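1. okay, structure incoming, though there's no sequence with it:
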């Protein structure tokens with residue numbers, strides 16, 4: 001089975017602290033966990049200030065379905081207001097190799 005990585009990179013909107021953004025991101029947990037095909041998620045921030053939301057799905061259909069439903073969720077407006085819209089880059093990639101501890 002080939003999993004799919006959803007990789008979203010962005011910067012925060014002016015005035016949003018990292019702590020606030022992590023709290024806002026945590027409000028998405030129930031939706032993402034309940035989405036069919038969800039496997040793994042992590043959120044990170046680079047030293048350059050860019051963030052990466054990295055989600056693993058079991059297949060492309062699951063990734064695309066979740067992406068399509070995300071904007072309609074109650075938490076979406078608040079989360080998106082905390083992100084600089086011009087900075088958002090999103091892509092889906094096939095996971096070709098995976099290594100765990």
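-> In hand now; what should we look at? In this text, all values refer to a predicted model and were calculated from it rather than measured experimentally. Residues are numbered from 1 along each chain as shown.

2. hey, let's count contacts and neighbours off CA atoms from now on
-> OK.

3. so where's this structure shaky on pLDDT?
-> Within the chain, the ranges that satisfy pLDDT under 70 run 1.

4. strands of that one, start to end?
-> Using DSSP state E, the strands of the chain run over 4-10, 38-45, 51-57, 89-94.

5. and of those, who's closest to residue 22?
-> Smallest distance to residue 22 across the strands of the chain (Cα to Cα): 8.3 Å, for strand 38-45.

6. residues contacting the closest one, please?
-> Strand 38-45 has contacts (Cα atoms under 8 Å, 6 or more residues apart in numbering) with 32, 51-58, 62.

7. who's the closest residue to residue 92 other than its chain neighbours bridged to?
-> Take residue 92 and drop its neighbours on the chain: the residue closest to it by Cα to Cα, 6 or more residues apart in numbering is residue 6, 4.6 Å away. According to DSSP bridges, the partner residues bridging residue 6 are residue 55, residue 92.

8. these two touch, right, residue 6 and residue 90?
-> Yes: counting by Cα atoms under 8 Å, residue 6 does reach residue 90; the two are 7.2 Å apart.

9. these two: who's more crowded?
-> When neighbours are counted by other Cα atoms under 10 Å, residue 6 and residue 90 differ, and residue 6 comes out ahead with 22 against 12.

10. picking up where we left off before, name the member of the contacts of strand 38-45 with the most neighbours.
-> Most surrounded of these: other Cα under 10 Å gives residue 57, at 25 neighbours.

11. what sits against the residue nearest the centre of the chain?
-> Centroid-nearest residue in the chain: residue 53, 3.8 Å away (criterion: Cα atoms, centre = their mean). Contacts for residue 53 (Cα under 8 Å, 6+ apart) come out as 6-9, 41-44.

12. again, only using 10 Å
-> For residue 53, the contacting residues are 6-10, 25, 41-45, 90, by Cα atoms under 10 Å, 6 or more residues apart in numbering.

13. of the residues you listed, grab the buried ones for PyMOL.
-> Remark: buried members of the contacts of residue 53, expressed as a PyMOL selection using 16 or more other Cα atoms under 10 Å:
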select buried, resi 6+7+8+9+10+25+41
